[in-house]
Structures are given as C-alpha cells and as structure tokens.
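[1] Prediction below, plus the sequence it came from.
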Amino acid sequence: MTPTLQLFLIVSAALFCVGLLAALSRRHAIFILIGIEMMLAAAGLNFIAFWRFGPQPAPPNGVMVTIFAIAIAAAEAAVGLALVIAAYRHYRTTNVDQLDQLKG
Amino acid sequence: MSNGIIAHLWLIPAVPLAASLVILSLANTQGTAAAAVAVGGQVIALLFALAAFAQTLATPGYRAFQNFTWFTFGEQSLRLGFVLDPLAAVMLVMITFVSLWIFVFSVGYMAADRNFTRFFAYLSFFSAAMLGVVIANSLLLLFICWELVGLASYLLIGFWIHKPSAAAAAKKAFITTRIGDLGFFLGMLWLYDRSGTLLFYDGGGGCIEHAGLVSLGASATFIALLIFCGAVGKSGQFPLHVWLPDAMEGPTPVSALIHAATMVAAGVFLVARTYPLFSFGAVHGVTPSLTVVVWIGVVTALISAFIALGQFDIKRILAYSTISQLGLMMVSLGVGGVAAGILHLLAHGFFKALLFLGSGSVIHGCHEEQDIRRMGGLRGLMPVTFATYAIGMMALSGVPLFFAGAWTKEDILHATSEWPASRVPHYLMLLGVVLTALYMTRQMIYVFFGQRRAAAEHAHESPSVMTLPLIVLATCVVLFSAVLTPAWPWLHRYLSGERAVFHLAQLIQPALLLALVFVALGIGLGIAIYRRAAESDPVENASPALFRFLENRMWLDELYDGTVLALARALSRASDLLDRYFWDGLARGVGLIGRWLGRLTKGFDEHAINAGANDAAGLARGFGRILSLRHSGQVQTYLGVIALGMLALLLLYAWLI
Amino acid sequence: MAHLITGLLFIPLLGALFLSVVPRNYARAIALGSNLITALLALTLWRHFDPAATGLQMVGRHLWVPAIGAEYLVGIDGLSLLLVLLISLVFPFAFLAEKMGRRFCALMLVMQAALYGTFTAQNFILWFLFYEMSLVPSFLLIKGWGSAKRDRAATKFFLYTFLGSVAMLLSFLGIYLLRGSFDFSTLAALGKGGLVAGNLRWLIFAGIFLGLAVKVPLFPFHTWLPDAYEAAPTGVSMVLTGALSKMGVYGFIRLLLPLFPNETRIVGPWLLGLAVCSIVFASLAAWAQSDLKRMVAYLSINHLGYCMLGLFAVTATAAVPAKESQAALSGVFLQIFNHGITAAALFYFVGLLEQRRGARGLNDFGGLMQRTPLLCAWMSVAMFSSLGLPGLNGFVSEFLIFKGSFALAAGYTATAVLGLLLTAIVFLRAMQLLFSGPLTERVSDFPDLRLGERWIAVPVTLLMFAIGIYPQFLFSIFNSTVVQIGRLLG
C-alpha cells in the first residue's frame, strides 16, 4: 500500500476529531488542553501532507511552517499549563464548568 | 575759523564738570578737599574765560566757532559746536567770576552742613551747565545745557531735602521751567524742520545767519515766540515767574547763583543769542515777536516790583527784585537795546550776587532768621555787611554815577524811549525805577536801621571767608561802572562790535538826569513811608486789603492752583478712571459677550450634540447587554459553538462547490 | 554665521532642560551661565555684523514643513541685532534682580529663547511660533509668582494677547492663501503694489493691527498692561517691559507697515491719533497712580507711544523726505533700546524698595534720601533718563523721534510733546514723595544699596550715560537698516 494524500488526510481528520471530542467532552482543564494540542498536531500533519504531495520540487514551506507551529505549540502548552495551575491555585479546582467568571 | 582758544573752549565748562565728578567721588568727611576742588576748578575756568575774553579783544566783532559731529543717523549727521564771540566772552567772565566768589562764600555759609561735599559738587555742576549754555553754537547743545541747568537748580533748591517745602519748591521750579521748555523744544523742532540745521553759525549756513533766516520766512515769528517760552520759564517772566520766589528754599548761596550768574540769566541770554530770529523782518526795529517780549517784560517788571513791596522775607524781596530786573532786561531786548540788556544782565549779576550773599550774611548773623520784621538796627553789629549791602542796594536802585546798575539802567531807559511802537513801556519802566528804589529802601530800613528787634539781639558779623566775597563783589560793582559810562561806553561798543571813543561831555545824558529824579523820588518816598517801620508795615496799616493782595503775591499761585493745576489733576484722575472702568469695562464687556456665547454653545453641546451621542451610546450599550447574556462563561460551550460554526462553514463550502 | 543665531535660540532651551536635573540652589547660576553664553554669542554676532551692508545677514535657511510654506529662516539686520543685544542685556539683569527657584528660571529661559526667535525669524510661521512661545511662560510666571490679583491679571494678559494673536494668525493664513508665501521679505516686496485687493484687505489689515496693537500696547488696547506689570514679580516685570513689549513695535516695523503701506497711509491720521492718545493718556493716568509699579507700567505705555508716533508719522504721509523718515526711525530704534534698559532699571529699583519695605505705594516711603542716598541717586538717574533729561539716553531718542515726526505731522507731535511735561510731573512727584521730607519711622531701618546691588545698578546706569553722551556706537549698528526701512516705508 503506497502512501497517498487521501490516507494522510484521513488520519489527520481522525486525529482532529479525536482532539475536538476530547476538548468538548472532558471537564478537566488539562485534558482539554491535550485535546487542543491534538487538533494542532492534526493541522500540522495536514500541512506536511499537502507539501509532500504538492508540485515537486517545492521550497520547504510546509516543513518550515510546521516546525514553527510545533515550537509555538510548545510555548502555548507551557503557558496553558501555567494558566491552569494558576487557576487551580486560585479556585482550588480545574473543572471548567466551575470556572465561569467570564460569564456576561 | 578755528584758531587758538576756540579749539579748547570746551574746557571752560569741562573743568567745573570734572570738578563736580571728582567731588561726588569724595566721602562726606572730605569737606576741605571738596571745597578746594570746587574753588580750584572755578579759578581755572575763570582763567580760561579771561584768556578767551582777551582773544575776543583782538578784533571788533570777533567771532570764532568750531563745529563737530555728535553722531550720524541714517545718512545724515547731527552737529553741535562751540562759539566764542563778545556775548559769550563777557558772560563767561561774569559767570566764572561771580560763581567763584559765591563758592568762596559757601565755604563759610555751609560749613556746618553734613552734606557739604555734595553741595559743592552740585554748585560746580550748576556752573558747568551754565557755561555750556553760553558757549553753545547749536540750539540743541544750548537746550541740553539748559536742561542740565534746570536739573542743577532742582538739586540745589531741594538741597535741604528733609524740608518738605524745599522739595516742593524744587519740583515746582523744575516743572514750571519745563512748561516753558516745551515751547522751546517745539520751537527748536520747527526751526530744525525749516532751516535744516540747529547750528547758530556755520560759515553762512547757520540757522541765525542770513540764509537760514530767509528759509524760515513767516514762521520765524512763531519760532521766536516758542523759543521765548523757554526764556519765560527760565528767566521767571510772567506768567511762569511763580517758581522763582519759592526757589528761596534753597541755601542762600544757591539763591545767589540762581539769581545772579546762572539759571535766570540763561533766559535773557537765550533771547540775545537767538536775537536774529526775533528781529528778522523788522520794520523800524519792531516785530510782532519783539513786541510780545516787550510787553511780557513790562508786565513782569511791574507786577513783581509791586509784590516785592508786600514781602517780609529778606530773600523773597530780592527774588521779586530779580524778576523785576529780568523783566527790565527783556524790555530792553524787545525794544532793540540788546547790548543794554546784556550789560544790565552783567551788572545785575554782580550786584545781585552781592545782595544775596549780603542777605546770606545777615541770615547767618541772625541765626537763620529771614523775616525782616524781626531784624533792625544791624548797621552797627554787621558793619561790613551793611556797607557792602548798601552799595548793592544803590546799584540795584540805580543811584547814578558810581554804581554799575545805574549806568546800565539808564542805557535801558534810553533804549525804551526810542522805541517807535509805543512810549508806554518807557513810562512804565520809569515807574519801575521808582518802585525798585522804594522797596530796596524799605528793606534797608527794616534790616539795618531803626530799633533792634528780636532776632537782631544776638547778631554778629560773619567770618572773613564770607565777608571777603562781599567786599570783592562790592568793589567790582563800583569799578565795573568805569566801562559802562556814556563817556566811554567801552563794553557797549565791544558787544556791538565797534570801537569806543572817550567823550567826557557825553557823561551827562538827559536819561541820567531823568533817572536821578526818579531814583531820588523812590528813595525819598521810601524814607518818608518807612521811617517809623516797626513790626507792622505802614502800607499794611494804611490799606490792609491792598497789602494782603501784595503779600499773597496777587494770589497768582492760588489762581494757577485753582485753574490749570486743578484741571490737569482732574484730567489725570479722569484718565485713570476712564482706564479702570471705561476701557477695561469695554474689554470686559467683550469678554462677557464671549462668555455668553460660550454658555450658548455649551447648552447647544449639551442638549443637541451630546444628547444625540448619548442616545447612540445607550443603544449600543443595551444591545451589548442583551448579547452578553449569551456568555455563559463555559469554555466548552464556546468551543462547541466554534466547532458548529466551522461545520456550518464546511457545509456551506461543500454546497457551493 | 547662521549657527550663532541657532545657538542663541537653543542655548536658553538647553539651559532650561538642564535646570531640571540640577539641585535647586544652583538654578540661578545655571540661568546666568546660559545667559553668559548667549551674551557672548550676541557679542560675536555684533563683531561679525557688517554695519554697512543692507539686507539680512547671517541667514540660515532649512526646509521645515514645505506643505504650509514653513521654513526655518533666521537672519539679522541692524534692528534685529539691536534687539538681540537688548535681550542679552535685560535677561541677565532680570536674573540678577531676583533669586528664584528652578521652575521660575526655566520658564524665564524659555521666554528668552522665544524672544531671540521672534527677533531673528524671517518667516511668518517660525516667527509666530516664537511669538506665541513667549506668551505661555509669561502667563505662567505671572500666575505662579505674582503678587495679589495675579490670577486675574495673568488671565487677562493671556486672553488679550492671545485674542490678538489669533486674529493675526487668521490674517496671515488669508495672505498665504492669496499670495502663497510666509516670507517677510517676499511679502514686503509685494506690499507697495497692494498685497491684497478689495475690501478683504481691510479685514486682514485689522487682524494684524489688532494683534500687534494689543502687544505694544497701543491705546485703547492697553488695559491688560498695568494689571500684568503690577502683578508680575520684579524680574518678570523687567523682562515684560524691557524685552517683551518690544515685540509689538518690532512687529509693526517688520510686518504691518511694510506689508500694508497704502492701507496704513489711509488710516494714518487715526493711527497717529491713537499714538498721541497713548502718550498723553498714559502719562496722565500715571500721574494718578499711587502704586509705584503701576505708575512705571503706565509710563511704559507712554514711552512706547513715542515709538508708535514716530512710526506712524513716517507711514502716514505720502512722499516722505528721506531725512525726516530716517530721523524718526533712528529715534524709534534707539527708543526701543533705551526704553528697554531704562524701564527695566526702574522696575529693578522699585523691586528693591518693595523688598525692603514690603510695600510699594508712593505714600509708603518718605525721607529715603537721608537713609539710602545711593539707592536714591541711582534710581533718580533712571527716572531722569525716563523723563528725557539731556545727557541721558532717553533724550537722544525722543529728540530724534520728535524731530522726524514734527516735520511729518506737526500737530500730532505738538500735542505729544505734552507727554514730556507729564512724565516730568509724574517722576518729580514720585521723587518728592519717596526721597524727600523728614525721615519716617517706616524707612528708618532701610539698608542702602548692598555691594551686589551696586554691581547691578552701576553698569546699567553707566550705559544710560554712555548712550546719552555718545550714542554713535548704537547708531552704527542700525544706520543702514534705517536707510533701508526708510525707503521701504517712505
């Protein structure tokens, strides 16, 4: 079985759906964060796939953007985790249902 | 034209000026040095003046001048200059000589004053300024020195500045003379405008030389009259004479200096110097401007002679006599007797200095008493003062033969008798002669004869530093007459640029006899009236109302105070009030309009513009409030909505394709 | 050489900035140091100035905001140099007169820079910038350090002058729209042929006239002045009268008269009338004052009235003979300088009296001469200079003004001469009330001039004598400028 674009797109879509489901259904903030990271990974995979199966030889745009996105995602995860810890310290919970201070 | 002395003429005023500056830098304690510098400066100035005088004797009608550029402005320059002619020369000698003896006298008179040095600085400055007036060859330079003379008189009259009356008198002198000076200033501007120069002599191009006069045309009369205003102020002519009697508030040597050598002489000198302006276009020696001069002189001479009869202050009597004599000089100038007027000015300089110094000696001897009613019988106690005073009195009254004043007065009477326009001034001047003899006799009797009254009890003769100037001046008064007689009118001829010839037969003139009669009349009348003078005046006893009128100086001061001064003060107050309330009110009114407009726009802003904006803002806020209800604060709800939105977009995309 | 002028503009500003970082006690030293530098610059300017040349010298020119015709254009002619010298003289004098803190000194320095700018700028935008820049510090100085009634006085001062400025600015915008230039010399060259046509010219003329007349001030726009001078602290009064009041006269010479010669001629009699009113009414009002500062303030109006008389006499008549216009203009220029130092000196002496007595009413003193002869003597010199006594500076300039204007407008001049009499009355009255009479209790413990005060008073007084006796050194500065401006206006 040769790798085709379709295959990558299906994997990527699945990964995205799993991430979305996790982000929507879990109540724990850290799991939501993990879900978001999964969606980001799906997007990265998409990029790489389109680059790899695009017209050859292509400049390494897709790889560059993805590497960049991963680096930022790492930073974002760090900030996200710090926020979660800060919220936990303040509210003694990580249940997002109870963190509704931004209610209009 | 500049040879010899003329190049150094400026030194004559410069030396006293330098002396004045040196003295100002001395400390109050260095009185001796100050007096030495002042007297020394005056001696040097006198020597220079004599040298200058000697130079003028070389040729009849000698005239030398030297002009220089003061400064250049734009593309033109302003030139000043010095002139030496007989008129300047005799004035130089008279001023330096008389000033010198007044300075010497002051050494004794002011010995006890704590501002002794300052006094001598002012005196030197006064003399310097007056010398500057005399040698100026430019009306502007003359005006500059003229104003400095005014300043010096202001400083000296107000010398005893702790006395409010002295300060008031000084102010009055300065301001009254400045009123006249305004006329002078305008006349000068006009002259400058017309002739293009203010130099008197400039090798034919000067303003009082023929070409300059022709360019003036008809305006010469007005210019002359305006310049005469200055002379009226300075020389105490009616109606600006009121400052002169008040100037007696200064120390007596100052009075002597003002009345004899400087200040008042300046006015007469000014008219003599600018005489071509006055006489330009004369018909038989009469011009409108000269006629005005004559009548002003006549009025002044008579008014002040009458007022002198009603005064009790020894110096005030002399002050009014000065005004009267100045009037006489003006009359003389007006009728064409320029030389006679100047001669009388010179003679007057000598004997009036003598009289003032004599009165100073009397005042000093009577311990600062000035009221003649409290004197009397001083003849025996102060013999030197008495003898010299008597000489001065006779010279002033015009007692013939041996006294300078008599010959000059006779000369003037002669000149008035020949005035073609009218004989009235002549008769009135004869009346003036009688009055002069009368009031001087009155003063002599009150001071030196009769009983010794209060202040005379402890009187004493003055020290020799004060009597020496009296003796010198008295001698001069007598000796001076030698060059004045009609038999050998040397000085008269010298002034008019001719040579004198000796004619003994000319000695006795009709005018002399006439004068003799009138002087005798005056003195006789005086003796008859005042023989039994006591605390109260015989005239006062006979006619109190008349005497009050004279004693209060014909209420002229009160008249001025009630009219001109009151008007000026009212104007000043009015303009202050106008400023404070009207103009400022007007400005404030504009401000109020502005504020009212501001209110209006503020109302418009609040109710029209702001209201609309507020409504819009309220609308947005209400909408926002509704929308904000959708915000549950649940992160996952938001996320879900986002996911749904994305799905919807996907579907839309698919459908569109 | 233009950098010298630029230096004049920026050194006071730098000094003001520097003031904010130094300790309070050094404020005056810094200010004086800055003044020393600017004075040296001004003297260098004078040294390199060519008195024989006509036109602007040491011109510095840079583009600034081309879109609105704004240029950095500075340069001096004789008149500008004279005023630069005057400012370099008056400001140190004012700083020495009063010991003040940092903010005061900084504001004064800003004002100084603005004044240098006003008198050297040759482009309207730049000129106007400096012109307005001087207004703010003076407002703050009066409001912050003034005596009683300072708020009212400061506000009044600001509103009056600002209103005038706005009118002037609008007029100049109008001119720019019509003629496309803000350059003084370009506009002046157009002036003879009519800068603006139709009735609009009167509106524009009136706007500029209003702005300048308020600044001078000319009767009847003068009512802000007595209040402002009265309320201002000594140093500020000195600067206001010594330097700031010259801006109006300068503006007339530089702007209004060259730009609108025909219009000025038409309304000439009215302008002359206003000048005469300034002279006579101000001196009359001065007579009625009992506050020394207010009195001097009114006389300041009177003295500037002489300047206006001379200027309007030159412009009011057609075909003026060159010698008369030169006499009047020379007199006006010299009077600007003379009034600057004399009036500043008068305020200085009033300040000394106020410092000693704590009051400055004419009736609060008496018999001073016996207690403080030196103070009285030097103050009298300033007073005599102000009343135009020959031998002192005032006489020379007043004589020349009257000489020129008498030939051109005899009737007005004859009336204006009354001012000479009235000023004499005012000053002699003041001297009588202050100096003479018995020594009163109130002044019995007065100290005479201290050493430092003597060092301030004496040079200024000597300068008055120097100008009065040998004015040539000042005339040399502006003789060719006088000829040039005379041609422009006459």
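    Good, I have the coordinates. Residues are numbered from 1 along each chain as shown, chains lettered A, B, ... in the order given.
[2] pLDDT wise, what is residue B:144 at?
    Residue B:144 is assigned 92 on the pLDDT scale.
[3] is it true that it touches residue C:391?
    Yes - Residue B:144 lies in contact with residue C:391 (C-beta atoms under 8 Å); the separation is 6.6 Å. Quick note: C-beta positions are derived from backbone N, CA and C, even for glycine.
[4] Just give me the neighbour total for the residue in the stretch 251-400 of chain C positioned nearest to chain B.
    For the stretch 251-400 of chain C and chain B, the shortest gap (C-beta to the nearest C-beta) falls at residue C:326, measuring 2.8 Å. By the measure other C-beta atoms under 10 Å in any protein chain shown, the count of residues near residue C:326 is 25.
[5] who's more crowded, residue B:144 and residue C:391?
    Neighbours were counted for residue B:144 and for residue C:391 using other C-beta under 10 Å; residue B:144 has more, 24 against 19.
[6] low-scoring stretches of the stretch 401-550 of chain B, by residue?
    Along the stretch 401-550 of chain B, segments meeting pLDDT under 70 span B:504-505, B:507, B:533-535.
[7] try it again with 80
    Scanning the stretch 401-550 of chain B with the threshold set as pLDDT under 80 gives B:401-405, B:450-460, B:481-515, B:531-544, B:547, B:549-550.
[8] what does the stretch 201-350 of chain B give?
    Applying pLDDT under 80 to the stretch 201-350 of chain B flags the ranges B:260-262, B:281-285.
[9] On the three-state scheme, the closest residue to residue B:156 other than its chain neighbours is what?
    In space, and not counting its chain neighbours, residue B:156 is closest to residue B:254: 4.3 Å by C-beta to C-beta, 6 or more residues apart in numbering or on different chains. Using DSSP: H, G, I helix; E, B strand; the rest coil, the structure places residue B:254 in helix.
[10] Count residues in the vicinity of residue B:254, would you?
    With other C-beta under 10 Å as criterion, residue B:254 counts 32.
[11] my read: it touches residue B:157, true?
    Yes - with contact defined as C-beta under 8 Å, residue B:254 reaches residue B:157; the gap is 6.6 Å.
[12] Can you tell me the closest non-neighbouring residue to the residue of the stretch 101-250 of chain C at minimum distance from chain B?
    Here the stretch 101-250 of chain C gets closest to chain B at one residue, residue C:223, 4.4 Å apart by C-beta to the nearest C-beta. Once flanking residues are discounted, residue C:223 sits nearest to residue B:584: 4.4 Å by C-beta to C-beta, 6+ apart.
[13] how about whichever strand or helix holds the one you found: buried residues?
    Assigned by DSSP states H and E, residue B:584 falls within helix B:584-604. Neighbour-count burial for helix B:584-604 flags B:584, B:587 (criterion: 16 or more other C-beta atoms under 10 Å in any protein chain shown).
[14] Pull the distance from the host helix or strand of residue A:70 to the chain's centre.
    Under the criterion of DSSP H and E, residue A:70 resides in helix A:61-91. The chain centre lies 9 Å from the centre of helix A:61-91; the measure is C-alpha atoms, centre = their mean, to the nearest Å.
[15] is it up against chain B anywhere?
    No - using C-beta under 8 Å from any C-beta of the partner chain, helix A:61-91 stays clear of chain B, coming no nearer than 10.8 Å.
[16] buried stuff in that helix?
    Buried, per 16+ other C-beta under 10 Å, within helix A:61-91: A:62, A:66, A:69, A:73, A:80, A:84, A:87.
[17] and if you look at stretch B:370-387?
    B:370, B:372-379, B:381-382, B:384-387.
[18] what about the residue nearest to residue B:503 when sequence neighbours are not counted, how many neighbours?
    Nearest residue to residue B:503, sequence neighbours excluded (C-beta to C-beta, 6+ apart): residue B:487, at 5.8 Å. Using other C-beta under 10 Å, residue B:487 is surrounded by 18 other residues.
[19] what's the distance between residue B:487 and chain A?
    Using C-beta to the nearest C-beta, to the nearest Å, residue B:487 is found at 133 Å from chain A.
[20] So that residue belongs to a strand, correct?
    No - counting by three-state DSSP, residue B:487 is not found in a strand; it is coil.
[21] before we move on, back to that, how close does the residue nearest to residue B:156 sit to residue B:99?
    Separation of residue B:254 from residue B:99 (C-beta to C-beta, to the nearest Å): 12 Å.
[22] repeat for residue A:49
    For residue A:49, the distance to residue B:99 - C-beta to C-beta - is 125 Å.
[23] Those two: who's more crowded?
    residue B:99 (32 against 20).
[24] give me every residue that touches that one.
    B:42, B:123, B:127, B:257, B:261, B:262 (C-beta atoms under 8 Å, 6 or more residues apart in numbering or on different chains).
[25] Doesn't the fourth one belong to a helix?
    This points to residue B:257. Yes - using three-state DSSP, the assignment for residue B:257 is a helix.
[26] Could you verify my assumption that it touches residue B:125?
    No - Residue B:257 is beyond contact range of residue B:125, at 11.1 Å (criterion: C-beta under 8 Å).
[27] Give me the buried positions along stretch B:209-225.
    Neighbour-count burial for stretch B:209-225 [16+ other C-beta under 10 Å]: B:209, B:212, B:213, B:216, B:219, B:220, B:221, B:222, B:223, B:224, B:225.
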